[in-house]
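Peer 1: sequence first, then the predicted structure, then my questions.
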Amino acid sequence: MKARIAIDGPAGAGKSTVARAVAKKLGLAYLDTGAMYRAITLAALNADVELSDGRALAALTAKVELDIQINSDGENVIFLNGKNVSKEIREPQINRNVSYVARCPEVREIMVSKQQEIGRRGGVVMDGRDIGTNVMPDADFKFFLTASLTERARRRLAELQEKGISLTLPEMMAEITMRDKIDSERECSPLQAAKDAIHLDTTEMTIEQVVKFIVDIVVGS
Ligand code: CDP
């Protein structure tokens, strides 16, 4: 069976970019599990569902049609009820609300079972918060990426500026601090490094260096 690689870490640690590049280099599929929680958040906001209402969120999650495809660049393209929402799910309103949806156990149960189904096929790089601990506890390789708060906020700002969205650095630092706090403190599969994960602080590293670090370990093992 082809390798299964878990990449976890807090917001803005570079997981998605790195995971996609690693998948491309190794000829594996890539699954952005955060995009799934983002899509459910978009559906909930569109349907005016109260984000603290677990039952309503669960009913909505069971009802929506979520489809993930991989394009020729290896990016995940997310369809919600048949509509491509890949851009919409990156907007600030989703950033601000996604952790409230992701802490709901019923939502996680449905998302995790979809993720595990994909994991069982093998040959996949998955990034998220609970991949090494909960989604693929038996992954062949587990990485936990971190970076300083300031660096993570800077990276996020640069991404948003490319899209014409402007926030200040302190605003961005406050937003990701809040998200990390909710993600780490929730009861159901919180953001946590697996005991057997390889930790990497990417603060001073380029994307290429992080990708090389991971690929070298996978290929050299
Ligand atoms: O890219 P970024 O690090 O900003 O976030 P993301 O990976 O798109 O994930 C967005 C949110 O989804 C996180 O802040 C978590 O609340 C949630 N998430 C989760 O709970 N479990 C995962 N496996 C992936 C994401």
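Peer 2: All right, it came through fine.

Peer 1: now do the contacts for residue 177.
Peer 2: Residues near residue 177 by Cβ atoms under 8 Å, 6 or more residues apart in numbering: residue 149. The C-beta positions use only the backbone N, C-alpha and C, and glycine is treated the same way.

Peer 1: next SSE downstream of the helix or strand harbouring it?
Peer 2: Using DSSP states H and E, residue 177 sits in helix 169-185. Toward the C-terminus, helix 169-185 is succeeded by strand 198-201 as the next helix or strand (DSSP H and E).

Peer 1: please name every helix or strand in contact with whatever helix or strand comes next after that following strand.
Peer 2: Downstream of strand 198-201, the next assigned helix or strand under DSSP H and E is helix 207-220. Helices and strands touching helix 207-220, by 3 or more Cβ pairs under 8 Å, 6 or more residues apart in numbering; DSSP states H and E, are strand 4-8, helix 15-26, strand 141-146, strand 198-201.

Peer 1: for those, which one ends up most surrounded?
Peer 2: The highest mean neighbour count among the helices and strands packed on helix 207-220, using mean count of other Cβ atoms under 10 Å, belongs to strand 4-8: a mean of 27.

Peer 1: for stretch 70-77, which positions count as buried?
Peer 2: By 16 or more other Cβ atoms under 10 Å, the buried positions in stretch 70-77 come out as 74, 76.

Peer 1: pLDDT on the helix holding residue 177, on average?
Peer 2: Averaging pLDDT along helix 169-185 gives 95.

Peer 1: now do the residue nearest to the spatial centre of the chain, the pLDDT please.
Peer 2: The chain has residue 34 as the residue nearest its centroid, 3.0 Å off, counting by Cα atoms, centre = their mean. Among the per-residue scores, residue 34 holds a pLDDT of 97.

Peer 1: OK, contacts around it?
Peer 2: By Cβ under 8 Å, 6+ apart, residue 34 lies in contact with 16, 98, 127-129.

Peer 1: neighbour-wise, which one of these leads?
Peer 2: The most crowded member of the contacts of residue 34, judged by other Cβ atoms under 10 Å, is residue 128 (31 neighbours).

Peer 1: quick check: it vs residue 8, distance?
Peer 2: 6 Å (Cβ to Cβ, to the nearest Å).

Peer 1: what of residue 88?
Peer 2: For residue 88, the distance to residue 8 - Cβ to Cβ - is 25 Å.

Peer 1: coming back round to it: secondary structure class of the residue nearest to the centre of the chain, three-state.
Peer 2: helix (DSSP: H, G, I helix; E, B strand; the rest coil).

Peer 1: returning to that earlier point: now the common contact residues for residue 128 and residue 8.
Peer 2: What both residue 128 and residue 8 touch, as defined by Cβ under 8 Å, 6+ apart, is the set residue 15.

Peer 1: what about stretch 8-16, near the ligand?
Peer 2: Yes - among the residues of stretch 8-16, 11-12, 16 lie within reach of the ligand under Cβ under 6 Å from any ligand atom.

Peer 1: what sits up against that stretch?
Peer 2: Identification of contacts with stretch 8-16 by Cβ under 8 Å, 6+ apart yields 7, 32, 34, 127-133, 142-147, 151-153, 155-156, 176, 179-180, 183-184, 191-194, 197, 202, 207, 210.
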